[in-house]
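Colleague: Curious how this folds, go ahead:
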Amino acid sequence: MEELHVIGKNNKIRAELFQQMDTLTDLQFNEKPDTNAWSPKEIMEHLVKMEQTITKGIIDQLDNPESPSAKKKPIQLSTLRFIKVKAQRHTVPTSEYEKKEKMKALLHEARMELLSVYTSSNPNVLRSKSLRHPVFGKVPLIQWFPFVGLHEKRHLKQLEKTIEKLKGHK
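Modeller: Predicted coordinates:
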């Protein structure tokens, strides 16, 4: 039951993200609201890279017999935008132009890979192993699945503000 709850919450956040994207043209999607901010496309690319990184990390730790257990962390704090976290180098987006549909497909593909790991893994093993987070330290693997949704929720707020600024410019 817990499994469906996490997937359902993540899917709801993803649907909201896609709804916001649908309000933009491909041109607006690639436009930065200002020089120091990410474009909607860059936000989406960051989410793709994060989800891929998390999925790979979980797989690596599942295969690691030395993966330590860890206490649950307050991952819900990751939705608070006033807590600033610098994106790790491998999750920083490029400035290359991309169509919305391509980014949606990449987001979908990343989610399907994560779901595959989630549904094919033993929950007890996911509770007994961990993956390092830059802010929270070692986080039990089981918490990384809801974390993906919380991280996406954080960037949904960013996307909404970005779209407001872009549409205010016109």
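Colleague: For the rest of this, base every contact and every neighbour count on C-alpha atoms.
Modeller: OK.
Colleague: right, and residue 6 touches residue 146 too?
Modeller: Yes: when contacts are counted by CA atoms under 8 Å, residue 6 is listed as touching residue 146 (5.7 Å).
Colleague: Sketch out the low-pLDDT regions of this protein for me.
Modeller: Where the chain drops to pLDDT under 70, the residues are 1-4, 169-170.
Colleague: try it again with 80
Modeller: Low-confidence segments of the chain (pLDDT under 80): 1-4, 81-85, 169-170.
Colleague: for it, what's the longest helix?
Modeller: helix 141-169 (DSSP state H).
Colleague: Would you mind measuring from the residue nearest to residue 154 when sequence neighbours are not counted to residue 155?
Modeller: In this structure, residue 154 finds its nearest non-sequential neighbour in residue 79, 4.4 Å apart by CA to CA, 6 or more residues apart in numbering. Using CA to CA, to the nearest Å, residue 79 is found at 8 Å from residue 155.
Colleague: do the same with residue 27
Modeller: Residue 27 sits 20 Å away from residue 155, taking CA to CA as the criterion.
Colleague: What of residue 35?
Modeller: 18 Å.
Colleague: Those two: which has the busier surroundings?
Modeller: residue 155 (20 against 8; other CA atoms under 10 Å).
Colleague: How much space separates that one from residue 7?
Modeller: Shown here: residue 155 relative to residue 7, a distance of 18 Å by CA to CA.
Colleague: list the buried ones in the longest helix of the chain?
Modeller: If you call a residue buried by 16 or more other CA atoms under 10 Å, then helix 141-169 has these buried ones: 141-156, 158-159, 162-163, 166.
Colleague: At which residues are the helices of the chain located?
Modeller: Using DSSP H, helices in the chain cover 2-21, 26-29, 40-62, 100-120, 123-128, 141-169.
Colleague: what's the most buried one of those?
Modeller: Among the helices of the chain, judged by mean count of other CA atoms under 10 Å, the one packed with the most neighbours on average is helix 40-62 (a mean of 21).
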